[in-house]
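Asker: Return a 3D structure for these sequence lines:
(one chain, ligands or ions: 2)
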Amino acid sequence: MSEETIKKIKEILKNYDIPGECIHIEENYTGNINSTYVVTMLNNDGEERRYIIQKINTNVFPRPSLLMRNIENVTRHLERELRFSGDTKHQALHLIRTLDNRTYCSIMDDEDRDYYRIFDYIENAKTYNIVENLDIAYKIGQAFGNFQKLLRNFPMEELEETIPDFHATDKRYAQLEKDIIIDSERRADEVALEFMTIFRNKNSYSHITSALNNGLIPLRVTHNDTKANNVMVDKDTDEFLAVIDLDTVMPGSMLFDYGDGIRSTASTAFENETDLSKVHLDIDLFKAYTDGYLSEMATCITPGEVALMGESIKIITLELAIRFLDDYVCGDTYFKVDPKRPRHNLERAKNQLTLAKDIELKMPQIEEYIQQCYEKHKGMSLKLDK
Ligand code: GN1
Ligand code: MG
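Answerer: Ligands and ions are numbered 1, 2, ... in the order given. Coordinates of the predicted model:
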């Protein structure tokens, strides 16, 4: 890590009442948007305590204050809900306030203002980029289902839209079409094959957004970035501890959350994998995740939502392909890319298109299981109600 980054982090720490001396800083490269550092502090009693310091990407989130207000309100609500239900096993992210009682702080970096925030580090926990074990897939599904359930009474009108039209797949597609025509980086020829696959599916991109607009499915408070590695699980027991990365909590459809959870948890390879023969949708992982998710959400969701759950997996996977491809066409300005991989975003898009194809092949099995699993959990809750 550069001397300059270390200096900046130490500067940020001065804005907080965090006791002790900073003895170690490590960058965590998991996210594609913000920069994340794990900082270890040693206090006067010889105890070490860790914190997460994040620099907010203002290219993606131009108004950090709105974003942080959302996170503050959502974590407060989650904490309250967990306390009311006597749940001591799970936790909400804990934001640390600055000395002047703010949820973030900023410092000047040349001409730019940089924004940072600090969370307590969740100890004895880990995350998975690839999930290979059914029990873990179940727990990740359960974690996101539980998260959504705890937020079902959250006053939606209090939430800011941190990224407008985030999951408007149809608009994302239209943007890709435009950017290919402009072709500012002269990459359009290279992406022709991938674009054709995306184009062939274009009629499905509005299925969820139109259902929302027509009132066929409800708007809910959703996470919007339900990747497997956004759930922290206990290192020893794999019990889920907390859902993290709350930057995109906004009003939306539960379908994108469910679909994105399957996209990342049930894929046999991570998004960065270039050996496409390794990329499949694992039906057993899909079943385990669905089971975990519906164990929490079956009583909250509507038949209209259940009917679209299978298709949502394919739509969100294609949406990611669209977004990665669009970023490639526009010169890699949105997602972080590995400097050693000039076609990183194109490779990610190919990976997602391979996954989408396999999802399509397995759609009959997917649809059948969702229905069966929904009825099982709904039935169980009816029995409990009697
Ligand atoms: C980004 O930074 P990360 O990995 O949590 C992106 C998600 C994508 C994901 C794909 C704000 O999330 O939407 O699904 O990359 N977040 C934003 O890996 O665009
Ligand atoms: Mg994220």
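Asker: From now on I want contacts and neighbour counts done on CA atoms only, so please keep to that.
Answerer: OK.
Asker: For the stretch 151-300 of the chain, which residues are neighbours of ligand 1?
Answerer: Contact residues, the stretch 151-300 of the chain versus ligand 1 (CA under 6 Å from any ligand atom): Asp225.
Asker: which residues of the stretch 151-300 of the chain fall in helices?
Answerer: Here the stretch 151-300 of the chain has its helices, by DSSP state H, counting those that start in this stretch, at 169-182, 192-200, 207-213, 254-265, 283-297.
Asker: Might you list the low-confidence residue ranges for the stretch 51-200 of the chain?
Answerer: Across the stretch 51-200 of the chain, nothing is flagged by pLDDT under 70.
Asker: Quick check, the residue in it closest to ligand 1?
Answerer: Of all residues in the stretch 51-200 of the chain, Val60 sits closest to ligand 1, at 6.7 Å by CA to the nearest ligand atom.
Asker: Let me see the contact set for the residue nearest the centre of the chain.
Answerer: Centroid-nearest residue in the chain: Asp225, 2.0 Å away (criterion: CA atoms, centre = their mean). By CA atoms under 8 Å, 6 or more residues apart in numbering, the contact set of Asp225 is Asp245, Thr248, Asp257, Asp260.
Asker: so who does Ile325 touch?
Answerer: For the record, residue 325 is Leu, not Ile. Counting by CA under 8 Å, 6+ apart, Leu325 touches Leu176, Val191, Asn345, Leu346, Ala349.
Asker: I figured the third one hits Thr333, correct?
Answerer: It stands for Asn345. No. Assessed by CA atoms under 8 Å, Asn345 is found out of contact with Thr333, at 10.3 Å.
Asker: who has more neighbours, these two?
Answerer: Asn345 (27 against 13; other CA atoms under 10 Å).
Asker: per-residue confidence for the residue nearest to the centre of the chain?
Answerer: Among the per-residue scores, Asp225 shows a pLDDT of 98.
Asker: That one and His77: what is the separation?
Answerer: Using CA to CA, to the nearest Å, we find Asp225 at a distance of 19 Å from His77.
Asker: How about Ser35?
Answerer: Applying CA to CA, the value for Ser35 to His77 is 26 Å.
Asker: likewise Lys314?
Answerer: Distance of Lys314 to His77, given as CA to CA: 32 Å.
Asker: Can you pick out the residue with more neighbours from these two?
Answerer: Neighbour tally, Lys314 and His77, criterion other CA under 10 Å: the higher count belongs to Lys314, 26 against 18.
Asker: quick one, strands of the stretch 101-250 of the chain?
Answerer: For the stretch 101-250 of the chain, the strands defined by DSSP state E, counting those that start in this stretch occupy 105-109, 112-120, 125-126, 220-222, 231-234, 240-243, 250-252.
Asker: how about these in a markdown table, adding mean neighbour count?
Answerer: Shown next, in a markdown table, are these (neighbours: other CA atoms under 10 Å):
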| stretch | mean neighbour count |
| --- | --- |
| strand 105-109 | 14 |
| strand 112-120 | 17 |
| strand 125-126 | 17 |
| strand 220-222 | 23 |
| strand 231-234 | 22 |
| strand 240-243 | 24 |
| strand 250-252 | 23 |
